[in-house]
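S.K.: Below are the sequence and a predicted model for it; my questions follow.
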Amino acid sequence: MSVMGAFGIARGIPIVVAATMAGSLAHLGFMRRFTIWAERLGAALMIAAALFFLDQAALYAGWFHP
């Protein structure tokens, strides 16, 4: 196994474990409020990241100067 393969597995295992735990916790009734809050926070972070990368692409394309 190459170093990149080991790195990929080492990075992937915690994500799979966290997703499994999140999926099992989503079925619990008292976690419903937290789940909705976490989804909204995740959506806000994704929109912020998209706007940041759009800004960086526009800067790289020369549409405006800093």
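M.R.: Everything's here; your move.
S.K.: Helices of this protein, start to end?
M.R.: For the chain, applying DSSP state H gives helices covering 3-26, 32-61.
S.K.: how about Leu59, what does it touch?
M.R.: Leu59 is in contact with 65-66, counting by C-beta atoms under 8 Å, 6 or more residues apart in numbering. Glycine gets a C-beta too; all of them are placed from N, C-alpha and C.
S.K.: Mind doing that once more with 7 Å?
M.R.: Pro66 (C-beta atoms under 7 Å, 6 or more residues apart in numbering).
S.K.: can I get the helices of the chain in CSV with mean pLDDT?
M.R.: Below are these laid out as CSV (pLDDT from 0 to 100):
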stretch, mean pLDDT
helix 3-26, 84
helix 32-61, 90
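S.K.: Could you pull up the residues touching Trp37?
M.R.: Trp37 neighbours (C-beta under 7 Å, 6+ apart): none.
S.K.: For it, give its distance to Gly62.
M.R.: 40 Å (C-beta to C-beta, to the nearest Å).
S.K.: Also Arg32?
M.R.: Computed as C-beta to C-beta, the Arg32 to Gly62 distance reads 48 Å.
S.K.: With neighbour numbers in mind, choose between those two.
M.R.: Per other C-beta atoms under 10 Å, whichever of Arg32 and Gly62 has more neighbours is Arg32, with 11 against 7.
S.K.: what distance separates stretch 45-62 from the centre of its chain?
M.R.: Stretch 45-62 sits 16 Å away from the centroid of its parent chain (C-alpha atoms, centre = their mean, to the nearest Å).
S.K.: Send over it as PDB, restricted to the C-alpha atoms.
M.R.: Extracted C-alpha coordinates of stretch 45-62, given in PDB (Å, rounded to 0.1, in the frame of the first residue of the first chain):
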ATOM      1  CA  LEU A  45     -20.900  27.200   5.900                       C
ATOM      2  CA  MET A  46     -21.300  25.700   2.400                       C
ATOM      3  CA  ILE A  47     -22.700  28.900   1.100                       C
ATOM      4  CA  ALA A  48     -19.900  30.900   2.700                       C
ATOM      5  CA  ALA A  49     -17.300  28.600   1.200                       C
ATOM      6  CA  ALA A  50     -19.000  28.900  -2.300                       C
ATOM      7  CA  LEU A  51     -18.900  32.700  -2.100                       C
ATOM      8  CA  PHE A  52     -15.300  32.600  -1.000                       C
ATOM      9  CA  PHE A  53     -14.200  30.400  -3.900                       C
ATOM     10  CA  LEU A  54     -16.300  32.400  -6.300                       C
ATOM     11  CA  ASP A  55     -14.400  35.500  -5.100                       C
ATOM     12  CA  GLN A  56     -11.100  33.800  -5.500                       C
ATOM     13  CA  ALA A  57     -12.000  32.600  -9.000                       C
ATOM     14  CA  ALA A  58     -13.000  36.200 -10.000                       C
ATOM     15  CA  LEU A  59      -9.800  37.500  -8.600                       C
ATOM     16  CA  TYR A  60      -7.800  34.900 -10.500                       C
ATOM     17  CA  ALA A  61      -9.700  35.600 -13.700                       C
ATOM     18  CA  GLY A  62      -8.800  39.300 -13.400                       C
END
